[in-house]
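Novice: sequence and predicted structure, then a few things I'm wondering about:
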Amino acid sequence: MDGTDIINNTFEGLFRVIQKNKINFGVAKSFSVSKNKKIYIFNLRDDLYWSDQKQLTAKDFEFSWKRILRPNFYSPKKICF
């Protein structure tokens, strides 16, 4: 077992791997791709809620991705064990 197994079992992604080369929807219920393959639109399931019962939205995903893609997001110099 490695870290990937733990992450896959802890977090639900837009898709989930159900067999070696087969995926299924996770929190996404459908998606579409633009003709130029530059825009991906995911439609989320309606039954997604945070632990405080607030509904999970596309803005939550947008915030998370933009946050972790920032150059100063948790650089190795800040990690403490």
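Specialist: Cool, the structure landed. Please read these numbers as outputs of a predicted model, since none were measured by experiment.

Novice: in space, what's closest to the spatially most central residue of the chain - neighbours in sequence excluded?
Specialist: For the chain, residue 13 is the residue whose C-alpha lies nearest the centre (Cα atoms, centre = their mean; 4.1 Å). Nearest non-adjacent residue to residue 13, counting by Cβ to Cβ, 6 or more residues apart in numbering: residue 26, 4.8 Å away. C-beta coordinates here come from the backbone N, C-alpha and C atoms, glycine included.

Novice: report the contact partners of the one you found.
Specialist: Neighbouring residues of residue 26 by Cβ atoms under 8 Å, 6 or more residues apart in numbering: 12-16.

Novice: cool, and residue 24?
Specialist: 15-16, 18.

Novice: one more: residue 30?
Specialist: By Cβ under 8 Å, 6+ apart, the neighbours of residue 30 are 42-43.

Novice: for it, give its distance to residue 41.
Specialist: Plainly put, residue 30 is 9 Å away from residue 41 if you go by Cβ to Cβ, to the nearest Å.

Novice: do residue 11 as well
Specialist: Taking Cβ to Cβ, one finds residue 11 at 22 Å from residue 41.

Novice: same deal with residue 26?
Specialist: From residue 26 to residue 41 the distance is 16 Å (Cβ to Cβ).

Novice: which helices and strands does the longest helix seen in the chain pack with?
Specialist: As assigned by DSSP state H, the longest helix anywhere in the chain is helix 58-68. Judged by 3 or more Cβ pairs under 8 Å, 6 or more residues apart in numbering; DSSP states H and E, helix 58-68 is in contact with strand 40-44.

Novice: what angle do the strand it packs on and helix 58-68 make?
Specialist: 130 degrees (axes from the mean of the first three to the mean of the last three Cα atoms, to 10 degrees).
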